[in-house]
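> I would like to see how this sequence folds:
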Amino acid sequence: MTATPRPSLLPFVTITFVYFIVGFLTTVNEQLQAPLRFTFLAHAGSLKNTFTTLISFFFFLGYLINGTLGSRWVNRHGYKKTIIRGLGLILASLSTY
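Numbers count the residues shown, from 1 in each chain. Next up, the predicted model:
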């Protein structure tokens, strides 16, 4: 006798929430570039656009670096434990505010 798989909504909602967080942080990064340029780069002259572009560059460089480290973590511990630990870190960082 074969068991029929039960559809579960919780994994879908969890992954959707994770993608929402990543998208939200990307949007916030883009929105903060103008105030950062005005505040910290007022005396930078023609280098304003270069430094502002570097903000985005280093933000997305984090995906490359953390993606490699994260893939090792997933291979070692599995998807479920990795997502649970990642969400725990997000909650822990939110509780510091």
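> Need the three-state assignment for T4.
Following DSSP: H, G, I helix; E, B strand; the rest coil, the label given to T4 is coil.
> what about the residue most central in space within the chain, helix or strand, and which?
Note on the chain: the residue nearest the mean C-alpha position is V22, at 4.0 Å, using C-alpha atoms, centre = their mean. Per DSSP states H and E: V22 is located in helix 10-40.
> From the contact counts, what lies against that helix?
Helix 10-40 is packed against helix 48-77, helix 79-94, with contacts defined by 3 or more C-beta pairs under 8 Å, 6 or more residues apart in numbering; DSSP states H and E. C-beta here means a position set from N, CA and C on the backbone, and glycine is covered the same way.
> Centre of the chain to that helix, how far?
Taking C-alpha atoms, centre = their mean, to the nearest Å, the mean C-alpha location of helix 10-40 is offset from the chain mean by 7 Å.
> buried stuff in it?
Residues R37 are the ones in helix 10-40 that count as buried (16 or more other C-beta atoms under 10 Å).
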